[in-house]
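Peer 1: Sequence and predicted structure below; questions after.
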Amino acid sequence: MSIVGAGVAGMTCAVEFAERGVPTEVFEQAASFGPHNCSWYAGGMLAPWCECDHSADLVATFGEQSVAWWRKRVPALVQRGSLVLAHGRHISELVSLSRRTGRYEWLDAGGIGELEPALANRFPKGLFFKDEAHIDPREALRSLADRFISLGGRIHFGAASAARSDGNHFVVDCTGLAAREALRELRGVKGEMLVLRSREITLNRPVRLLAPRVPVYIVPRPNGVFMVGATMIESDELSRVTARSVLELLSAACSLHPAFAEAEILEMGSQVRPAFPDNMPRITWRRDRIYINGFFRHGFLLAPAFARMAADAVLSGEICPQVAYENHA
């Protein structure tokens, strides 16, 4: 088995096949893990019920399976719980979300302060999703690589074109927008993010701040570092982070807590995420090449579930009726 692409889709597939005893190699065009792919700039939100806000119910179903997958393989990296907040004038946004999702607990100002002391008395209400989680994407990719190699797998950086298929050897293509010539419905959705450092505020879990125009999430990382993101721009252009997005992300972070106004900006980044028209991933099987693509903003949330389904399809012919497989063999 050859897998092309060493982002989260490729690496979860690699681990899934290797765990089932399939000799597997990964081919990645870049020289190492890094900013060339969407996974590097991801928030790592494992939030299947929050994402019901603007996604199909299947996101919750497959997302819950993926959270369990991550907890089994990299338990030390998976941090529990997520919190959704809104300022008083936007409480209707919280109420609207609560009607479209589940598995949450309403919190008042006191409950928010107990969970996140830094946010005490700043928000009147919130939704706490105790079963959700988050993961550091960059550490997760490294951990998956270590597990894959320990199972006998090999990763070839700078060698994407070396993967070849024939009648007895499958290639799993996880190359995102690079596969658009074969998957004509793919489009690009640009995402931008900031990485900040602040010693003045501590958060214990991701916080999603709802606002009518620019909802954002703020994800804590070790050593006072925070990732701020959530922009979604219908564009294939990834060469720059726009001033408008920086302003909106920083304004949202400061509205969560004014200490972010004095934070150090460590990094700004952007990438273009692959998406199909319905914003749901697909498994496309064409002869001896399988494409797993279209994860939109749900790469870390959904990739493990789709890796499992791809392995089931290849090894046992088991097809999940809820997923849009396209078999063009």
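Peer 2: Now that the structure is in, tell me what you want to look at. Numbers count the residues shown, from 1 in each chain.
Peer 1: where along this protein do the helices fall?
Peer 2: Counting by DSSP state H, the chain has helices at residues 8-19, 57-73, 91-100, 109-115, 137-150, 243-256, 299-316.
Peer 1: Mind listing what's buried along the last one?
Peer 2: Translated: helix 299-316. 299-311, 313-314 (16 or more other CB atoms under 10 Å). Where C-beta positions appear, they are placed from N, C-alpha and C, glycine not excepted.
Peer 1: where are the low-confidence patches of the protein?
Peer 2: Scanning the chain for pLDDT under 70 picks out the ranges 53-56, 160-168, 212-213, 238-239, 321-329.
Peer 1: May I have the residues that are in contact with I155?
Peer 2: 6, 14, 25-26, 28, 145, 148-149 (CB atoms under 8 Å, 6 or more residues apart in numbering).
Peer 1: Now a ChimeraX select for only the buried ones of those residues.
Peer 2: In ChimeraX syntax, the buried subset of the contacts of I155 is picked out as below (16+ other CB under 10 Å):
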select :6,14,25,26,28,145,148
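Peer 1: Going by distance to Y217, which of the contacts of I155 wins?
Peer 2: A6 (25.0 Å; CB to CB).
Peer 1: so that closest one touches V26, yeah?
Peer 2: Yes. Using CB atoms under 8 Å, A6 is in contact with V26, at 5.4 Å.
Peer 1: From R184, how far out is the closest residue in space to Y104 that isn't next to it in sequence?
Peer 2: Of all residues not flanking Y104 in the chain, L127 sits nearest, at 4.5 Å (CB to CB, 6 or more residues apart in numbering). Distance, L127 to R184, using CB to CB, to the nearest Å: 39 Å.
Peer 1: same question, I233
Peer 2: 21 Å.
Peer 1: phi, psi of the spatially closest residue to M268 that is not a sequence neighbour?
Peer 2: In this structure, M268 finds its nearest non-sequential neighbour in V241, 4.5 Å apart by CB to CB, 6+ apart. With angles defined as degrees, to the nearest 10, V241 sits at phi -100, psi 130.
Peer 1: show me what contacts V241?
Peer 2: So V241 contacts 192, 268-270 (CB under 8 Å, 6+ apart).
Peer 1: Check R73 too.
Peer 2: 15, 143-144, 147.
Peer 1: ok, I233 and R184, which is more surrounded?
Peer 2: In terms of neighbours (other CB atoms under 10 Å), I233 is the more surrounded of I233 and R184; the figures are 17 against 7.
Peer 1: The residue nearest to V225 when sequence neighbours are not counted: neighbouring residues, count only.
Peer 2: Spatial nearest neighbour of V225, chain neighbours left out: R197 (5.2 Å); criterion: CB to CB, 6+ apart. If you count neighbours by other CB under 10 Å, R197 ends up with 14.
Peer 1: List the residues that contact R197.
Peer 2: Here R197 is in contact with 223-226, 263-264, 266 (criterion: CB under 8 Å, 6+ apart).
Peer 1: Please apply the same query to E64.
Peer 2: Going by CB under 8 Å, 6+ apart, E64 touches 48, 131.
Peer 1: Tell me which residues touch the nearest residue to N279 once chain neighbours are set aside, please.
Peer 2: Ranked by CB to CB, 6+ apart and with sequence neighbours excluded, the top spatial neighbour of N279 is F296, at 4.5 Å. F296 makes contact with 189, 273-276, 279-281, according to CB under 8 Å, 6+ apart.
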